[in-house]
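In: sequence first, then the predicted structure, then my questions.
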Amino acid sequence: MTRKIFQHDAAAAQAAAPIPLWQQLAAVAQALQMILSGQSGTAALAEVPVRLRPGVQALLFQVLRQLGRAQALRRQLAPKAPPAKVDALLCTALALAWDADQAPYEPFTLVNQTVEAAKRGSLLRQAGFLNACLRRFLRERDALVAATDNDSLARWSHPQWWLDRLKKDYPQDWQRILKANNAQAPMSLRVNQQKTTPQQYQKALAAIDIGSTLFGQNGVQLVRAQHVQALPGFSEGVVSVQDGAAQMAAPLLLQGLDLSLPLQVLDACAAPGGKTAHLLEFAGATSPLQVTALEVDAQRSERIHDTLLRTGLQDHAKVIVADAGKPSQWWQQANGSQQFDAILLDAPCTASGIVRRHPDVRWLRRESDVDQLAAIQAQILDALWPLLKAGGRMLYCTCSVFKAEGDEQVQAFLARNTQAQLLPSPGHLIPGITAQTDLLPDNDAGDHDGFFYALLQKNV
């Protein structure tokens, strides 16, 4: 018994002990190497021990936002690229240390701990090379940074093809988009007005010293991000985490419809279920509205079930694992092959509008992905349109700022579907800029992600 108690105490002490910075830097570099080899940030972070993960994620996100500058500086220090593992550790240090005002630790501390990470890991033989590069960086930092200031990769930390596309799509606003992408996104909540009001919820947050501001119809934006379990009523479905732009979907699709009728709504590509829940919350507790939530990925579909259970809406939605672009596989199961009154299509896209929340995306995407995903979007649009009743509405949306996935996609759809009519819609929402539309003049989306919305009506 004594030995078991001792072991438990030792484990507890180890868990409570401070995590050495070198250990975190080594984990960040490993995650960065995985991302640069084509794996997602989510997958890379899943490989990090749970105890290290919060700190590693914060550092990794900063590294990804500054990676372009780090790579440009590395080329100044070592024109010949070192092996991938060494390069990842070197770029990690440079990304974190190049701007002393934004550095999470003193630059000399980051340099010392990076060399320590090399010595304690599998890069002992490269520790001298890393030390020489980083010591030179400390000595010549101003000159080295100045030498990279005219490098577009260093300045904007996005691939050149991404910059070129934004300049073409947004001649006036491309720099604003990039600046927003390199900033940290706020944590936004959607209040379930079946359970409370945004004003009452804001008071509940203030009572536990969590600062917030209100936006839109149901939105609360936190001054500082919090763990969801620290949010009052989260487990009971009082609030959900959802960006302000995404909160516009349910009102756009459902307003103007008679929600006292037993409407059938399809939420295509529905994971993780935030919009599914919002559709039901918006309709109200007494509405007979039924939602069919489709998701092609079985694992991701479990998140829809979790969201519906947490919000208490599981009896009003049917979750089906199927490909939205292949209705023959699921339409009968959904509602007996009856046409839908409304369809929400949040289509697969490049995620170019949510780069500030997922800074790995810019380094994972390739220019060819835009056309490939646009083709998938067109295929799904054409597959779902016949499933919509005459007079019904389809809301097409993507979390992308690229016009090939938004306005150009919709214009092409309208050209080949003469019975489709474009209703007043927000169109492209630029990240960080408050949305103002004639349709929703009082529904400012706060400090929101980049998004696109087009509301289509099927005329008789």
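Out: Nice, thanks for sending it over.
In: please report the distance of residue 37 from residue 87.
Out: 12 Å (CB to CB, to the nearest Å). In short, each C-beta sits where N, CA and C put it, glycine included.
In: higher neighbour count, the two?
Out: Using other CB atoms under 10 Å as the criterion, residue 37 and residue 87 rank with residue 87 on top: 19 against 10.
In: so which strand or helix has that one?
Out: helix 84-97 (DSSP states H and E).
In: what residues sit buried inside that helix?
Out: 85-97 (16 or more other CB atoms under 10 Å).
In: likewise stretch 71-82?
Out: Those would be 71, 72, 73, 74, 75, 76, 77, 78, 82, for stretch 71-82 by 16+ other CB under 10 Å.
In: what is the helix or strand that contains the first one packed up against?
Out: Secondary structure here is read from DSSP H and E; on that basis residue 71 sits in helix 67-77. Where contact means 3 or more CB pairs under 8 Å, 6 or more residues apart in numbering; DSSP states H and E, helix 67-77 is packed against helix 84-97, helix 127-139, helix 141-148, helix 152-156.
In: can you list contacts of the second one?
Out: This means helix 127-139. With contacts defined as CB atoms under 8 Å, 6 or more residues apart in numbering, helix 127-139 is touched by 73-74, 77-78, 82, 86, 89-90, 93-94, 97-98, 107-108, 111, 114-115, 118-119, 123, 144.
In: if we can go back for a sec, could I get the helices and strands packed on helix 67-77 in CSV, plus columns for mean pLDDT?
Out: Compiled in CSV, those are given as follows (pLDDT from 0 to 100):
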stretch, mean pLDDT
helix 84-97, 98
helix 127-139, 97
helix 141-148, 97
helix 152-156, 96
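In: including distance to residue 55, could those helices go into CSV?
Out: Converted to CSV, the helices and strands packed on helix 67-77 look like this (distance: least, CB to CB, whole Å):
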stretch, distance to residue 55
helix 84-97, 12
helix 127-139, 21
helix 141-148, 25
helix 152-156, 26
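In: so which of those helices gets nearest residue 460?
Out: helix 152-156 (48.5 Å; CB to CB).
In: what about residue 221, which SS state?
Out: Classification of residue 221 using DSSP: H, G, I helix; E, B strand; the rest coil returns strand.
In: confirm residue 277 sits in a helix?
Out: Yes - assigned with three-state DSSP, residue 277 falls within a helix.
In: and the end-to-end length of stretch 38-50?
Out: 22 Å (CA to CA, to the nearest Å).
In: ok, and what's touching that stretch?
Out: In contact with stretch 38-50 (CB under 8 Å, 6+ apart) are residues 27, 30-32, 34-35, 53, 56-57, 60, 64, 358-360, 364.
In: mind redoing it with 7 Å?
Out: Applying CB atoms under 7 Å, 6 or more residues apart in numbering, the contact partners of stretch 38-50 are 27, 31, 34, 35, 53, 56, 57, 358, 360, 364.
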